[in-house]
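J.: Return atomic coordinates for the entry below.
(chains A and B)
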Amino acid sequence: MIHRVIHRELRRMVLQPRYLIILTLGAIFSFIFFATLTNEGQPQNLPVAVVDLDGTYLSRRLCHELDATHAVHVKAVYTSHTEARQAMQRGEVFAFYEIPKGTYNEVLQFRSPHFVLYTNQAYLLAGSLSYRELATMGKLAAGAVQREVLRKKGVEEHLIMGLIQPVVLQNHAVGNAKANYQVYLMTTLIPGIIALMSMLHTAYVIGRERQERTVRSWMRKAGDNPLRAFLGKMFPYTFHYTFLLLVAEIVMYGPMHFPMSGSWPLLVLTSLLLVMAAQCAGCFLMGCISDPSLALSLTSAYGTLAFTMCGFSFPVDAMPLPMQCFSLLFPLRYYFLAMRDITLFGNGLAVCWPQVTSLVAFWILLLIGASMFNRQYERRIAC
Amino acid sequence: MLKLLSSNLHDIWDVLSSEVRRVFSDKTTLVIFFLATLVYPPLYYYIYHLEALHEMPVATVDLSHTEASKRFVHKLDATPELAVAYRCATLSDAEQLLANHTVKAVFLLPHDYGTLLALNQTAQVTCFSDISSFLYYKNALLGGSNVLLDEMHAIELVHQSSDGITGELAEVQVQPIAYDDIKLFNPTGGYASYFIPAILLLVVHQTLFFGICVLCGDANENRRALKLIPARLRGRSIYRVSLGRLLCFLLIYYPVSLFDLWIMPRLLGLPQLGSAVDIVLFLLPFILATTCFAMSFGVLFSRQRMSTLLCCLFFSVILFFLSGLVWPQGSMPRFWLAFSYLFPSTPGIEGFVRISSMGASLGQVRSEYLALWVQAGAYFAITCGGLHLTRWLKR
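T.: Numbers count the residues shown, from 1 in each chain, chains lettered A, B, ... in the order given. So this is what the prediction gives:
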């Protein structure tokens, strides 16, 4: 019986392929957008400035050395603090060093001068990255002076490093050794976008039946079984969007060399469950609210929140408790947790079974949505 | 002359009043225009209001068991970013905790840590961190390097004193050049202060866009596109129709946007350095540009009530990244930078964040301000062209 509904939906799909094509192109566009926007891994050559009030060999050398690094480039050298701050407010630089007057003299006289490092934290990523680079440079400058002093004192070369840098901190980001921003963004955003599309599209095709007043013929094909009707309607889109998601994942973890230390079958399963859970949420909202366009706008509101509530940018454990509970209502949250386990930590089903079962639990929404829809439908028939 | 003017104004008034009636009789548009703009800002604020992650649980593996290594662990625990939740005996225990997500980072102090320090050689501390959210990674890095700096300073002072150098002289030798760092515009590096101004602007942009597209789609779907043009205006200049509708949305949305972008941040206690006059002046071309952009898109592409929401919602994510708040505009490929200026949200977010969070004056966001006016003009022309096209096709 269900194949009749699927067949009917496929016919409708072929007769009116406009939105399927647009959304598929949209998914491809998003993929290319994020792949090309962030292909450097981390932003490079961030503009910074130096306020050189000293104007000596030392300050000029610092400028040169800053400019030679990969992450920042010295866009301008100013002669006053105000100029630099205004440049920052115009968005031209993300950070600047202020080298006070008489720095070189103070170094020669052994009187530890103070640099001041200003960073713009209104841009969190660019601000932190330029802070890191400039702070390192400040430490290196101090180290260079220390090394000269030690050399002059006659300390042997191989002992100097231990004296000026007694401890180093090595950082390993598990699974993403280079702290590649692209990996971090794309592995969550692309599945998020595809899940959003599948949710909206499923909700839309159900709403469309109401708008076109074709609910009766749809239900007949399903033998007046609302669950069968909904499943038959969903499946073509489940297939389509899971396929899109899998292609995206194959490209990401294959040719683009994103870290993938776990099992592929598990990732495929999670992807399929994500698409289905998103669709079930769409079916639920469309089933409960009788005005299709109102339902679609509420689905949209819920769908966009998923990007925040999945906790990939701002972790859920840093949110207030009610919001931590609220995050349980978003399929993308579970996908994000499972994907992190599979790709970064190489964990198997033993660790991520709660996420997988939670995604399956979204099918309950489909049952509720279908029965609500059916109740409204029967009431209308009775009228 | 006067007669012409008054007839023009009369026509515009007609369009305006019929459009206002349409907005207030459409449930979906009302939800998008008023409910979304009222609910989203406090919701986002509530999500982010704790600003940062404090006392993130970490595990330490101290294989050295010396005074120096214990001090390092104590100092890690004392940072506001980190809390030492587990002290493991072996690295594999700690790795297990990391893989279970019980801790978000592991600090390993190797067995030769104390020995190397005693021999005046460089010892190494290794940090393994969870990078599933960048905030975990950043916290581990920040806490770890703060402890590192402090420890280095202390150890070097000990070295100096063993050479018989103490007091101020030792300080200078250890730190021949010092630096203070000052974090401007968001001193705690918090998320709410960074994220919310941009999100508020994007909410205004997207709700206005989708609201208008729903109305346009409705008109197109029900073949009422021509009904938008009052009967007696059909033969005449179409700019009056566009202008009337533009004024209608400006009248409705200018107050909404002022509420969301000027009053709401104050109610929520977000930092707002810009002057009220600058914000009010900046929002005018932003609303005009967004309205014209939405009207031209709606006239040309919105075939059904629901189609724009269906097809363009995912673009909100892309618009956010195009704004340059996450990925700086200077590091974007040229093509995407040019592409981003097709949308009013790009100069809107860039300009608004600078005025609101960074206290820039209108003069300092001149290029964004001009870009918005240019967009408003260009999209107004496209809207008129689109309406001409519709009228021509319908004939």
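J.: With chain A as the reference, measure out to B:Asp260.
T.: Using CB to the nearest CB, to the nearest Å, we find B:Asp260 at a distance of 15 Å from chain A. Backbone N, C-alpha and C define where each C-beta goes, glycine included.
J.: Next up, the contacts around that residue.
T.: Neighbouring residues of B:Asp260 by CB atoms under 8 Å, 6 or more residues apart in numbering or on different chains: B:Thr37, B:Pro41, B:Leu200, B:Val203, B:Val204.
J.: Am I right that the first one is in contact with B:Phe210?
T.: It refers to B:Thr37. No - the pair B:Thr37 / B:Phe210 is not scored as a contact, 11.5 Å apart, by CB atoms under 8 Å.
J.: Give me the more crowded residue out of those two.
T.: Each of B:Thr37 and B:Phe210 has its neighbours counted (other CB atoms under 10 Å in any protein chain shown); B:Phe210 has more, 25 against 22.
J.: Look at that one and tell me its secondary structure.
T.: Following DSSP: H, G, I helix; E, B strand; the rest coil, B:Phe210 is assigned to helix.
J.: That one contacts B:Thr308, correct?
T.: Yes - B:Phe210 lies in contact with B:Thr308 (CB under 8 Å); the separation is 6.2 Å.
J.: closest to A:Cys310 among the contacts of B:Asp260?
T.: Using CB to CB, B:Val203 is the member of the contacts of B:Asp260 that sits closest to A:Cys310, with 18.7 Å.
J.: Not including adjacent chain positions, what is the nearest residue to that closest one?
T.: Residue nearest to B:Val203 in three dimensions, not counting chain neighbours: B:Tyr40, with 4.8 Å by CB to CB, 6 or more residues apart in numbering or on different chains.
J.: For the chain, just list every one of the strands.
T.: Assuming you mean chain A. Assignment of strands within chain A using DSSP state E yields the ranges A:46-52, A:72-78, A:95-99, A:114-120, A:167-174.
J.: Chain B was what I was after
T.: Secondary structure of chain B by DSSP E: the strands cover B:56-62, B:82-88, B:105-109, B:123-130, B:178-184.
J.: Can you say which of these is packed in most?
T.: strand B:105-109 (a mean of 26; mean count of other CB atoms under 10 Å in any protein chain shown).
J.: pLDDT averaged over that one - what is it?
T.: Strand B:105-109 shows a mean pLDDT of 93.
J.: Got phi/psi on B:Leu342?
T.: The phi/psi pair for B:Leu342 (degrees, to the nearest 10) reads phi -80, psi -20.
J.: and it, how far is that from chain A?
T.: Distance from B:Leu342 to chain A, by CB to the nearest CB: 13 Å.
J.: Tell me the helices and strands packed up against the lowest-mean-pLDDT helix or strand in chain A.
T.: Lowest on mean pLDDT, DSSP states H and E among the helices and strands of chain A sits helix A:157-164, with a mean of 79. Other helices and strands packing on helix A:157-164, by 3 or more CB pairs under 8 Å, 6 or more residues apart in numbering or on different chains; DSSP states H and E, are helix A:124-153, helix B:134-162.
J.: Next, count neighbours for the closest residue in space to A:Ile368 that isn't next to it in sequence.
T.: Of all residues not flanking A:Ile368 in the chain, A:Phe284 sits nearest, at 6.0 Å (CB to CB, 6+ apart). Number of residues near A:Phe284 (other CB under 10 Å) recorded here: 26.
J.: so how far is A:Ala277 from A:Phe284?
T.: Taking CB to CB, to the nearest Å as the measure, A:Phe284 falls 11 Å from A:Ala277.
J.: Can you tell me the closest non-neighbouring residue to residue 147?
T.: In the absence of a named chain, this looks at chain A. Counting by CB to CB, 6+ apart, A:Ile160 is the residue found nearest to A:Arg147 once chain neighbours are left out, at 5.6 Å.
J.: nope, chain B
T.: B:Lys75 (4.4 Å).
J.: before we move on, back to that, which among the helices and strands packed on helix A:157-164 is found nearest to B:Leu246?
T.: Closest to B:Leu246 of those, according to CB to CB: helix A:124-153, at 35.8 Å.
J.: Check which helices and strands the closest one sits against.
T.: Other helices and strands packing on helix A:124-153, by 3+ CB pairs under 8 Å, 6+ apart, are strand A:46-52, helix A:57-68, strand A:72-78, strand A:95-99, strand A:114-120, helix A:157-164, helix B:167-174, strand B:178-184.
J.: quick one, domains of chain B?
T.: B:2-49+B:190-394, B:56-174 (automatic domain parsing).
J.: Let me know whether the residue nearest to A:Ile368 touches A:Ser371 as I believe.
T.: No - between A:Phe284 and A:Ser371 there is no contact under CB under 8 Å: 10.5 Å.
J.: and A:Gly154, how far is that from A:Ile160?
T.: The value you get for A:Gly154 to A:Ile160, if CB to CB is used, is 11 Å.
J.: any low-confidence regions in the stretch 151-300 of chain B?
T.: Counting by pLDDT under 70, the ranges of the stretch 151-300 of chain B that qualify are B:223-237.
J.: The stretch 101-250 of chain A too?
T.: For the stretch 101-250 of chain A, no range has pLDDT under 70.
J.: re the thing from before, the residue nearest to A:Ile368 and A:Phe362, how far apart?
T.: Going from A:Phe284 to A:Phe362 by CB to CB gives 9 Å.
J.: Also B:Asp62?
T.: As defined by CB to CB, B:Asp62 lies at a distance of 44 Å from A:Phe362.
J.: How many residues are close by A:Pro226?
T.: Residues near A:Pro226, counting by other CB under 10 Å: 20.
J.: pretty sure it is touching A:Ile368, no?
T.: No - taking contacts as CB under 8 Å, A:Pro226 lies outside contact range of A:Ile368: 10.8 Å.
J.: what's the nearest residue to the residue of the stretch 201-350 of chain B found nearest chain A if we skip its chain neighbours?
T.: Nearest to chain A in the stretch 201-350 of chain B, going by CB to the nearest CB, is B:Ser331, at a distance of 3.9 Å. Of all residues not flanking B:Ser331 in the chain, A:Pro43 sits nearest, at 3.9 Å (CB to CB, 6+ apart).
J.: That neighbour and A:Lys178: what is the separation?
T.: Separation of A:Pro43 from A:Lys178 (CB to CB): 14 Å.
J.: For those two, work out which one has more neighbours and name it.
T.: Between A:Pro43 and A:Lys178, counted using other CB under 10 Å, A:Pro43 has the larger neighbour count: 22 against 12.
J.: Now for that one: which residues touch it?
T.: The contact partners of A:Pro43, taken as CB under 8 Å, 6+ apart, are A:Ala71, A:Leu125, A:Ala126, A:Leu129, A:Tyr181, B:Trp327, B:Pro328, B:Gly330, B:Ser331.
J.: go with 10 Å
T.: With contacts defined as CB atoms under 10 Å, 6 or more residues apart in numbering or on different chains, A:Pro43 is in contact with A:71-72, A:94, A:123, A:125-126, A:129-130, A:181, B:326-328, B:330-332.
J.: B:Phe335 - how many residues pack around it?
T.: As a burial measure, B:Phe335 scores 10 neighbours (other CB under 10 Å).
J.: now B:Leu169
T.: By other CB under 10 Å, 11 other residues sit near B:Leu169.
J.: again with A:Trp353
T.: By other CB under 10 Å, the residues close to A:Trp353 number 11.
J.: quick one: common contacting residues for A:Pro226 and A:Ile368?
T.: Listed as contacting both A:Pro226 and A:Ile368 by CB under 10 Å, 6+ apart are A:Gly287.
J.: In chain B, which residue is most central in space?
T.: Centroid-nearest residue in chain B, with CA atoms, centre = their mean: B:Ala198, separated by 3.5 Å.
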